[in-house]
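# A predicted structure for the sequence below; I have some questions about it.
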Amino acid sequence: MIGAFYKGFEQLSDPKTRKVIWSSIAWSVLIFAALWGLAWTAIASSALFSLHWLDVLVDALGMLATLALTWFLFPAVVTAVGSLMLESVADAVEERHYPALDKPSGPPLSQLIMPALKFTAVSVGLNLLTLPFIVAAPPLFPFIYYALNGYLLSREYFELVAFRRIPPKAARALRLEHSKKLFAAGVIIAFLLTVPIVNLLAPAVATATFVHLFERWRAQSGATATPRF
């Protein structure tokens, strides 16, 4: 796994990968800027108290809460955005490290939009359910947060890579076979997605890493069938 992550970071030197990173960053910034704009408009236009200083305090707390929520939901949103354009990263990894592979015949972009939206909704919903633990059990919250997102991200990235090469049934069987290793890789990705600056590179690194893990495990299992869509 260490070798796969090393190659994943090494992939950042590839021009195609850097192009995807910049596109993903631009779209993520636009989404969060829109959310911030809506939050600021809602907070600034509301006057809950007659005392000016109290309203200012509430506005400041509201913006801090928005900032915290942005950090909290970043992994889900950036993964959903990236999943629509990270196939180029997977292609670049295969061209560099697996040149003998044929062109993948996975699902087209139109079929990836709904799964990406579904993943975002499920991930955001489950993450919001963990918020009470911040108050009820603060020491446990980081473990719950990274465990939950580690599972979600490992599944999403592995299937993103695997569905390009093998049928969904075979991909899920391979994922279950290596579930513990995938979970560990997912936790690492979840952590990277919460580190400022690094989180902008994490989706590309995750995709490249999971391509290497998938190809290694596929070779071991002999899962060579290609899906048709």
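Happy to help now that I have it. Numbers count the residues shown, from 1 in each chain.

# any low-confidence regions in the chain?
The chain contains residues with pLDDT under 70 at 39-40, 42-56, 58-59, 70-84, 105-117, 119-120, 222-229.

# tell me what whichever helix or strand Val89 is part of is packed against?
Element membership for Val89 (DSSP states H and E) is helix 87-97. Counting by 3 or more C-beta pairs under 8 Å, 6 or more residues apart in numbering; DSSP states H and E, the packing neighbours recorded for helix 87-97 are helix 15-44, helix 141-162, helix 198-221. Heads up, the C-betas are built off the backbone N, CA and C, glycines and all.

# Just want the angle from the shortest one to helix 87-97.
Here the directions of helix 141-162 and helix 87-97 differ by 70 degrees (axes from the mean of the first three to the mean of the last three C-alpha atoms, to 10 degrees).

# Leu148 versus Val205, what's the distance?
From Val205 across to Leu148, the span is 20 Å (C-beta to C-beta, to the nearest Å).

# typed the wrong thing, it's Arg175
From Arg175 over to Leu148 the distance is 17 Å, taken as C-beta to C-beta.

# likewise Leu12?
27 Å.

# coming back round to it: can you tell me which of the helices and strands packed on helix 87-97 comes nearest to Pro104?
Among the helices and strands packed on helix 87-97, the nearest to Pro104 by C-beta to C-beta is helix 141-162 (9.6 Å).

# can you give me how far the closest one is from the chain middle?
In terms of C-alpha atoms, centre = their mean, to the nearest Å, the centre of helix 141-162 is found 8 Å from the chain centre.

# Quick one: list the elements packing against it.
Where contact means 3+ C-beta pairs under 8 Å, 6+ apart, helix 141-162 is packed against helix 52-83, helix 87-97, helix 109-129, helix 132-136, helix 168-177, helix 179-192, helix 198-221.

# In JSON lines: the ones you listed, plus distance to Phe5.
Listed next are the helices and strands packed on helix 141-162 as JSON lines, based on distance: least, C-beta to C-beta, whole Å:
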{"stretch": "helix 52-83", "distance to Phe5": "17"}
{"stretch": "helix 87-97", "distance to Phe5": "13"}
{"stretch": "helix 109-129", "distance to Phe5": "22"}
{"stretch": "helix 132-136", "distance to Phe5": "29"}
{"stretch": "helix 168-177", "distance to Phe5": "18"}
{"stretch": "helix 179-192", "distance to Phe5": "7"}
{"stretch": "helix 198-221", "distance to Phe5": "5"}
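
# looking at these, which is buried most?
Counting by mean count of other C-beta atoms under 10 Å, helix 198-221 has the highest mean neighbour count of those, with a mean of 22.

# re the thing from before, right, so of the helices and strands packed on helix 141-162, which gets closest to Leu153?
Proximity to Leu153 (C-beta to C-beta) singles out helix 179-192 among these, at 4.5 Å.

# which secondary structure elements does the closest one contact?
Contact partners of helix 179-192 among helices and strands, from 3+ C-beta pairs under 8 Å, 6+ apart: helix 2-10, helix 141-162, helix 198-221.

# For Arg18, find the nearest of those.
That would be helix 198-221 among the helices and strands packed on helix 179-192, by C-beta to C-beta, at 8.3 Å.

# by contact count, what packs against that closest one?
Helix 198-221 sits against helix 2-10, helix 15-44, helix 52-83, helix 87-97, helix 141-162, helix 168-177, helix 179-192, with contacts defined as 3+ C-beta pairs under 8 Å, 6+ apart.
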